[in-house]
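[1] Take this sequence and fold it.
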Amino acid sequence: MSPEMFDTADLIARDAAHHLHSQTDPALILSEGSRIIVRAEGCHVWDSDGRKILDGMAGLWCVNIGYGRAELAEVAAEQMRALPYYNNHFQSAAPPMIALGEKLASLTPEGLDHFAYGCSGSEANDAIVRLTRHYWRRLGKPGKRVFISRTLAYHGSTVAAASLGGMPAMHAMDGVLAEVAHIEHPHWYVNGGDLTVEEYGLKAARALAEKIEELGPENVAAFIAEPVQGAGAVIVPPETYWPEIQRICRHYDILLIADEVICGFGRTGSWFGSQTFGIAPDFMPMAKGISSGYLPVSAVAIHDRVFDVLAAGGYLPHGYTYSGHPTACAVALANIEIMEREGLPGRVRDDIGPYFQAAMQRIADTHPLVGEKRGVGMMAALQLVRDKATREVCTMEDNAAIMTRDTAYANGLIARAIGQSMILSPPLIATHAEVDEMAAILTAALDETAERLRFT
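    From the prediction side, this is the model:
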């Protein structure tokens, strides 16, 4: 498509007139307008003015197989011709729902053999709240209703999922549900003080036991956490963290929920982050990479030990109109088949992931504005700092991350600013040359920010 096909000013005006954007200040849309993206291929998108832009965020952490896969369009069209939609209520099913469940059971950690479908990670986590409480009621423990999560967690933006998350801005908008509590996110660089990384990992994990004791084990239903906190700025916990978390959950008889919405489908170098970090969850919500964002679909993996209790409880009043949408399930299945055929999780583990992490580490080692590189597989964060020696991070008033993000975009790279960290999470198909290009553009943007701030 040539830029002559689009009237950018007209599109911006019409967008501002009628569209309430997600996660955006409406005043910016009204005053500055939106960026109009019109097509994509591989790791690039094009705007309505014809600019080619390298997408370092894979959309929203989701376009794992890259853009422009005609095979998925063909699968969607074929399924829509045969059966565009049917529900899974009242003992109904369609072949794509069945096939996707079989495929997921073959990929997920042992015991996760049953799946409840939805359209988003938010819906998946909302479903888990209800299913978890129903599970405990079935076991004669109706008082176990409280969920424990972490600060800077992200679990979605429905009322329940936003409460499960730990994002201050989302809580400021609507508060937090009464039966949700939070503990510290396990970020050693910011929170670790004089402790070693290993010592801090245990301290951060043991905050869960302290919170359970405070609330009363008889009141706590579950602990929910991402293997790596994505939207919290790619916080990778110390190696000592997850084993201790699991020990505590089993000791206090609470369910463990590993939120795989970002980490799942190859991003950490395994099919799921739970496999990368040795987590054995009771529930595992997934979305995003399940279809590489080509259609909205999510699933909740349910462990056999939980499913057996739910299945013995009679009628289950839960589900959505689009649970198991046949076309979405068919596209998700085809997306997974592409990932298998091209060996993308293994490529992330053995090739492009290490190459990407090394490129980000070189920036952290050499740039005065970067104090820490965090990451695993194809997700990474660079912590922006005032002083590398003292681990003094930039402040929101410094605005370093936003400056860097905007400069990078002007130079042809979509990166994300979260807090005072720069985030990249590119498609799993990115080439070495594209990683090099991302690193070069990001370095130049950091140089410009450092020059403007002049901390050193």
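[2] ok, now how distant is residue 341 from residue 272?
    Separation of residue 341 from residue 272 (C-beta to C-beta, to the nearest Å): 19 Å. (Each C-beta comes from the backbone N, C-alpha and C, glycine too.)
[3] same check, this time on residue 254
    Taken as C-beta to C-beta, the span from residue 254 to residue 272 is 21 Å.
[4] Check residue 247 too.
    21 Å.
[5] Please identify which of those two sits among more neighbours.
    Taking neighbours as other C-beta atoms under 10 Å, residue 247 and residue 272 compare with residue 272 leading, 27 against 14.
[6] these two touch, right, the more buried one and residue 260?
    Yes: Residue 272 sits in contact with residue 260 when judged by C-beta atoms under 8 Å, with a separation of 5.2 Å.
[7] Can you pull the residues that touch both of those two?
    The contact sets of residue 272 and residue 260 overlap at 227, 284, 286 (C-beta atoms under 8 Å, 6 or more residues apart in numbering).
[8] Tell me how many other residues crowd the first one.
    A count of neighbours around residue 227, defined by other C-beta under 10 Å, yields 28.
[9] before we move on, what about the one 10 residues further on?
    Burial of residue 237, expressed as a neighbour count using other C-beta under 10 Å, amounts to 25.
[10] so what's it up against?
    So residue 237 contacts 186, 201, 204, 228, 277 (C-beta under 8 Å, 6+ apart).
[11] Tell me the spacing between it and residue 208.
    12 Å.
[12] before we move on, what about residue 129?
    18 Å.
[13] Let me see the domain layout of the chain.
    Domain assignment for the chain by automatic domain parsing gives 35-65+346-453, 71-341.
[14] Reformat these as TSV; add mean pLDDT.
    As requested, the domains of the chain are exported to TSV (pLDDT from 0 to 100):
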stretch	mean pLDDT
domain 35-65+346-453	97
domain 71-341	97
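[15] export those to CSV and tack on distance to residue 16?
    Listed next are those as CSV, based on distance: least, C-beta to C-beta, whole Å:
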stretch, distance to residue 16
domain 35-65+346-453, 11
domain 71-341, 22
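[16] Nearest to residue 20 among the ones you listed would be which one?
    The closest of the domains of the chain to residue 20 is domain 71-341. By C-beta to C-beta, the value is 13.1 Å.
[17] now the end-to-end length of the closest one.
    13 Å (C-alpha to C-alpha, to the nearest Å).
[18] and the end-to-end length of stretch 140-147?
    Termini of stretch 140-147 sit 18 Å apart (C-alpha to C-alpha).
[19] make that stretch 104-116, sorry
    End residues of stretch 104-116 are separated by 11 Å (C-alpha to C-alpha).
[20] and it, how far out from the chain's middle?
    19 Å (C-alpha atoms, centre = their mean, to the nearest Å).
[21] any idea where the strands of the stretch 351-456 of the chain begin and end?
    370-376, 379-387, 392-393, 413-414, 416-418, 421-424 (DSSP state E, counting those that start in this stretch).
[22] quick one, the first one and strand 379-387 angle?
    Going by axes from the mean of the first three to the mean of the last three C-alpha atoms, to 10 degrees, strand 370-376 is angled at 160 degrees with respect to strand 379-387.
[23] Now for the closest residue in space to residue 380 that isn't next to it in sequence: which residues touch it?
    In this structure, residue 380 finds its nearest non-sequential neighbour in residue 360, 4.4 Å apart by C-beta to C-beta, 6 or more residues apart in numbering. By C-beta under 8 Å, 6+ apart, the residues touching residue 360 are 373, 375, 380, 382, 424, 439.
[24] Tabulate those in TSV, adding columns for neighbour count and distance to residue 103.
    Listed next are these as TSV, based on neighbours: other C-beta atoms under 10 Å; distance: C-beta to C-beta, whole Å:
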residue	neighbour count	distance to residue 103
373	21	34
375	22	28
380	27	29
382	29	36
424	27	29
439	19	35
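[25] Quick check: the farthest pair among these?
    375 and 439 (12.8 Å).
[26] picking that back up, how about the strands of the stretch 351-456 of the chain, which one is nearest residue 180?
    strand 416-418 (21.8 Å).
[27] in that closest one, what counts as buried?
    Judged by neighbour count using 16 or more other C-beta atoms under 10 Å, the buried positions of strand 416-418 are 416-418.
[28] which one of these is nearest residue 195?
    The nearest one, if we look at the buried residues of strand 416-418 relative to residue 195 and count by C-beta to C-beta, is residue 418, at 24.1 Å.
[29] quick one: contacts for the nearest residue to the closest one once chain neighbours are set aside?
    Spatially, and ignoring its direct neighbours in sequence, residue 418 is nearest to residue 233 (4.2 Å; C-beta to C-beta, 6+ apart). Residues near residue 233 by C-beta under 8 Å, 6+ apart: 152, 374, 381, 383, 418-419, 421, 423.
[30] need the helices for the stretch 301-450 of the chain, in chain order.
    Assigned by DSSP state H, counting those that start in this stretch, the helices in the stretch 301-450 of the chain fall at 304-311, 326-341, 344-350, 352-366, 400-410, 432-453.
[31] quick one: which of those helices is nearest residue 216?
    Taking these one by one with C-beta to C-beta, helix 304-311 is closest: 21.9 Å.
[32] What residues sit buried inside the closest one?
    So for helix 304-311, counting by 16+ other C-beta under 10 Å, buried means 306-307, 310.
[33] Figure out how far it is from the centre of its chain.
    27 Å.
[34] elements contacting that helix?
    With contacts defined as 3 or more C-beta pairs under 8 Å, 6 or more residues apart in numbering; DSSP states H and E, helix 304-311 has these neighbours: strand 112-118, helix 121-138.
[35] got JSON lines for these, with mean neighbour count and distance to residue 444 too?
    Below are these laid out as JSON lines (neighbours: other C-beta atoms under 10 Å; distance: least, C-beta to C-beta, whole Å):
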{"stretch": "strand 112-118", "mean neighbour count": "23", "distance to residue 444": "41"}
{"stretch": "helix 121-138", "mean neighbour count": "23", "distance to residue 444": "34"}
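[36] Is it possible to get TSV of the ones you listed that adds distance to residue 443?
    Below are those laid out as TSV (distance: least, C-beta to C-beta, whole Å):
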stretch	distance to residue 443
strand 112-118	40
helix 121-138	32
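[37] Need the three-state assignment for the residue nearest to residue 418.
    coil (DSSP: H, G, I helix; E, B strand; the rest coil).
[38] Three-state assignment for residue 222, please.
    With three-state DSSP as the criterion, residue 222 reads strand.
[39] State the distance from residue 309 to residue 415.
    With C-beta to C-beta as the criterion, residue 309 and residue 415 are 44 Å apart.
[40] Count residues in the vicinity of residue 92, would you?
    Neighbour tally, residue 92, other C-beta under 10 Å: 10.
[41] Ok, residue 414 next?
    21.
[42] wait, it sits on residue 58?
    No: checked against C-beta under 8 Å, the pair residue 414 and residue 58 is beyond contact range at 9.3 Å.
[43] residues contacting the most centrally placed residue in the chain?
    Against the mean C-alpha coordinate of the chain, by C-alpha atoms, centre = their mean, the closest residue is residue 262 at 2.6 Å. Applying C-beta under 8 Å, 6+ apart to residue 262 gives the contacts 61, 226, 228, 230-231, 288, 379, 425.
[44] Many thanks, I have nothing further to ask.
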